[in-house]
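how would this look folded up:
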Amino acid sequence: MISVANMSTLARLEQEILLTKYSKIMFASVNHELRTPINVIISTLTLLSPLVLSEKAKSLFKIMQQSATLILHLINDTLDLVQMQAKNFNLFYDEVNLKGLLDEVS
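Numbers count the residues shown, from 1 in each chain. From the prediction side, this is the model:
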């Protein structure tokens, strides 16, 4: 027999599950919407980079490009994580230069 307390707990659990599901969808949507403007920023910086003359400005442009690229990677990683949590992803095999990868992360 289901009591009122059990029904209340069940309703609360269903509400939490729905909230979690919608939060993940919203999180993925926001990240997806961020991808376009950050790509525009990266493209604009790439196009403007050859026009920069001073070494100080070139250094600042490089920092901006690296920062924007890092943000794009974080957005992509977040979207990948959401896909993995939704069990909606495909794995693929690819060759990896292990030494180059280790050099890059160290």
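
Just list what the lengthiest helix in the chain packs against, helices and strands only.
Using DSSP state H, we find that the single longest helix of the chain is helix 4-48. Judged by 3 or more Cβ pairs under 8 Å, 6 or more residues apart in numbering; DSSP states H and E, helix 4-48 is in contact with helix 55-85. Just so you know, the C-beta spots here come from the backbone N, C-alpha and C atoms, and that holds for glycine as well.

For residue 89, give me phi and psi.
Dihedral pair for residue 89: phi -150, psi 160, per degrees, to the nearest 10.

What is the neighbour count of it?
11 (other Cβ atoms under 10 Å).

quick one, what contacts residue 79?
28, 31, 32, 35 (Cβ atoms under 8 Å, 6 or more residues apart in numbering).

Model confidence for it, exactly?
Per-residue confidence (pLDDT) for residue 79: 81.

how near is it to residue 62?
As defined by Cβ to Cβ, to the nearest Å, residue 79 lies at a distance of 26 Å from residue 62.

quick one, what contacts the spatially most central residue of the chain?
Against the mean C-alpha coordinate of the chain, by Cα atoms, centre = their mean, the closest residue is residue 75 at 2.0 Å. For residue 75, the contacting residues are 31, 34, 35, 38, by Cβ under 8 Å, 6+ apart.

Who are the contact partners of the nearest residue to the last one once chain neighbours are set aside?
In space, not counting the residues next to it along the chain, residue 38 is nearest to residue 72; the distance is 5.0 Å by Cβ to Cβ, 6 or more residues apart in numbering. Residues touching residue 72, when contacts are defined by Cβ under 8 Å, 6+ apart, comprise 35, 38, 39, 42.

Next, count neighbours for the third one.
In terms of burial, residue 39 registers 13 neighbours under the definition other Cβ under 10 Å.

In this protein, where is pLDDT below threshold?
The chain contains residues with pLDDT under 70 at 1-5.

what's the spacing between the residue nearest to residue 38 and residue 90?
For residue 72 relative to residue 90 (Cβ to Cβ), the value is 21 Å.
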